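K.L.:
the sequence and its predicted three-dimensional model are supplied below.
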Amino acid sequence: MFRRSLLPLVASLGLAVGFFLLPIPGQADQWTDLTRRIEALRQQIDRGEATDELRQKMATLLRIRSTQPDLAADERLGYLQEALEFAPDDERLAYELARAGYEVGDANLAYEHIQRALALAPEDFHNQLLAGFICRSLLRYDEAVNFLEKARDLKPDHVPTLISLGRTYAELRQFDRAIDVWETALTMRPSSEEAAELRERIEKAQRQEAATGGGDAMESHRFVVQFSGPTRDDLAAMALDTLDEVFDLVAGELQVKPEGKVFVVFYRKADFHQVNDSQGWVGGYAQNLRIGVPYEDGPLDGPRIKSLFAHELTHILVNVLTNRNHPAWLTEGLAEYYEAKVRYGDGFAFHPADRHLFETKFKTLPSFPRLNAIELNMKTKGNDEEISLKYIHSKVAVAFLLQRFGLPALLEIFQVLARGRPIEEAIESGTGRNMSDFETELTEFIRAE
Ligand SMILES: [Zn+2]
């Protein structure tokens, strides 16, 4: 089999097609020439003159055309998709399509093609590695581990494979294994950048391991609940019941189901911020398929835990629905919506403190920040009021979206985002408004509240 480039997938280099066929770089007119030849062939084929030989030639030309260095990723994907019509059983083309799909951020499409490539060449290192990367994008970590372990067995000294395999173990909270493969990678003369990344990852994994390593875990078919410090059986049992209840509500409405189990980690309150590198205002977080929550000794505050889970679980489901391609305002606004739905029975209701802020500090603003400029993550700095105003803005935007355009519009927006498309395109597709008109109407909505 042809040996593909061994460079990491992230490097956006030309694809490995027999280079002797490539037009000479720098001679732009050769690409134009190629486009013309493709167009002529297309017409011939349209006229019904397609022999097997002609179809094969068309597939080859389209693949070469897709390697033009400055081509946009979606144009490259377009050429390869057309090539597929003429060479449906070509393993290399299946790989190239998977890779192009991965590069434009359409992980579902990439998954479909890498499955075909794997069926045709299961022992190929690049197929296994790319399958691992794609499954990571889809938050299918159990599957990703299998592919990445296979890739590691096929090429044990490939550092990017080891980095990725370790990251996947860490997502599954198997920190010993993660640290093992990263330490192995460190002995393989990684680049200085890779070495720095590896050391940082090892240090973070050690912190997580120290906080939760000895604790027990309790599982249901959807969730794994883990504790830093002694396991609280009452809290674990209550958490599992509550998580299932909240999951049914949110996942039922959003019509989604994660492939893997969701980890819910209870951190001792004193450790929470240090172990997770978070700002003081953070009271819980969701990343990929993981939820982290601080807890204290003492009695349970059932309603509070329930609304917190509704909030964080919404983030997890939005991650799955969009393959993590979404702006902060969209996921935070929807998380606030479901939190209120669980807490007050009405998603559009405000907490009294937020209502007060809305009336006195938000609605009265002369103009509002752009939605896509809203930054909210574990490292976002700000006092309580500044942070609350960002949440309020996000929530009002999602309330406007749901009230004016409905849930189907939101689900359509998620689908467009899941294909790796930008939020502007998703909003336009779901609401029929461009982003700027959407925000103008949002402003009117806020003023009228
Ligand atoms: Zn949130």
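P.N.:
The structure has been received and is ready for your questions. Numbers count the residues shown, from 1 in each chain.
K.L.:
single out the residue in the stretch 101-250 of the chain that lies closest to the ion.
P.N.:
Taking CB to the ion, the ion has its nearest neighbour within the stretch 101-250 of the chain at V250, 13.1 Å off. Every residue, glycine included, has its C-beta placed from N, CA and C.
K.L.:
just give me the neighbour total for that residue.
P.N.:
23 (other CB atoms under 10 Å).
K.L.:
so how far is H221 from the residue of the chain found nearest the ion?
P.N.:
Per CB to the ion, A335 is where the chain lies closest to the ion, at 4.4 Å. If you measure A335 against H221 using CB to CB, to the nearest Å, the figure is 24 Å.
K.L.:
and for D157?
P.N.:
39 Å.
K.L.:
between those two, which one's more packed in?
P.N.:
D157 (12 against 6).
K.L.:
I'd assumed that one was in a strand, is it?
P.N.:
No: counting by DSSP: H, G, I helix; E, B strand; the rest coil, D157 falls outside a strand, being coil.
K.L.:
dump the residue contacts of the spatially most central residue of the chain.
P.N.:
The residue lying closest to the centre of the chain (CA atoms, centre = their mean) is R324, at 2.7 Å. Contact partners of R324, counting by CB atoms under 8 Å, 6 or more residues apart in numbering, are S137, L139, N288.
K.L.:
which one of those is nearest to S191?
P.N.:
S137 (23.4 Å; CB to CB).
K.L.:
make sure that closest one is actually in contact with E103.
P.N.:
No: S137 is beyond contact range of E103, at 10.9 Å (criterion: CB atoms under 8 Å).
K.L.:
pLDDT value on the residue lying farthest from the centre of the chain, please?
P.N.:
Computed with CA atoms, centre = their mean, the residue of the chain farthest from its C-alpha average is E49, at 44.3 Å. For E49, the model assigns a pLDDT of 81.
K.L.:
now swap in the one 10 residues further on and tell me
P.N.:
According to the per-residue confidence, A59 scores 94 in pLDDT.
K.L.:
the one 10 residues further on too?
P.N.:
Here, the pLDDT recorded for P69 equals 89.
K.L.:
where does it sit: helix, strand or coil?
P.N.:
coil.
K.L.:
measure it to M378 for me?
P.N.:
Going from P69 to M378 by CB to CB gives 38 Å.
K.L.:
neighbour-wise, which of the two wins?
P.N.:
Taking other CB under 10 Å, P69 and M378 do not tie; M378 has more neighbours (14 against 11).
K.L.:
what separates the residue nearest to that one when sequence neighbours are not counted from S367, distance-wise?
P.N.:
Residue nearest to M378 in three dimensions, not counting chain neighbours: S278, with 4.0 Å by CB to CB, 6 or more residues apart in numbering. Counting by CB to CB, the separation of S278 from S367 is 30 Å.
K.L.:
which one's more surrounded, the two?
P.N.:
Using other CB under 10 Å, the more surrounded residue of S278 and S367 is S278, with 19 against 6.
K.L.:
next one: the more buried one from E336, what distance?
P.N.:
Taken as CB to CB, the span from S278 to E336 is 18 Å.
K.L.:
what of G229?
P.N.:
30 Å.
K.L.:
again, but for V159
P.N.:
For V159, the distance to E336 - CB to CB - is 41 Å.
K.L.:
those two: who's more crowded?
P.N.:
E336 (25 against 20).
K.L.:
helix/strand/coil for the more buried one?
P.N.:
Quick answer, by three-state DSSP: E336 is helix.
K.L.:
what's the helix or strand for the residue lying closest to it once chain neighbours are set aside?
P.N.:
Residue nearest to E336 in three dimensions, not counting chain neighbours: K395, with 4.0 Å by CB to CB, 6+ apart. Element membership for K395, per DSSP states H and E: helix 384-418.
K.L.:
just the buried residues of that helix, please?
P.N.:
For helix 384-418, a neighbour-count test (16 or more other CB atoms under 10 Å) marks 387-402, 405, 409-410, 412-418 as buried.
K.L.:
and the angle from whichever helix or strand comes after it to helix 384-418?
P.N.:
Using DSSP H and E, the helix or strand that follows helix 384-418 in sequence is helix 423-431. On the basis of axes from the mean of the first three to the mean of the last three CA atoms, to 10 degrees, helix 423-431 is oriented at 70 degrees to helix 384-418.
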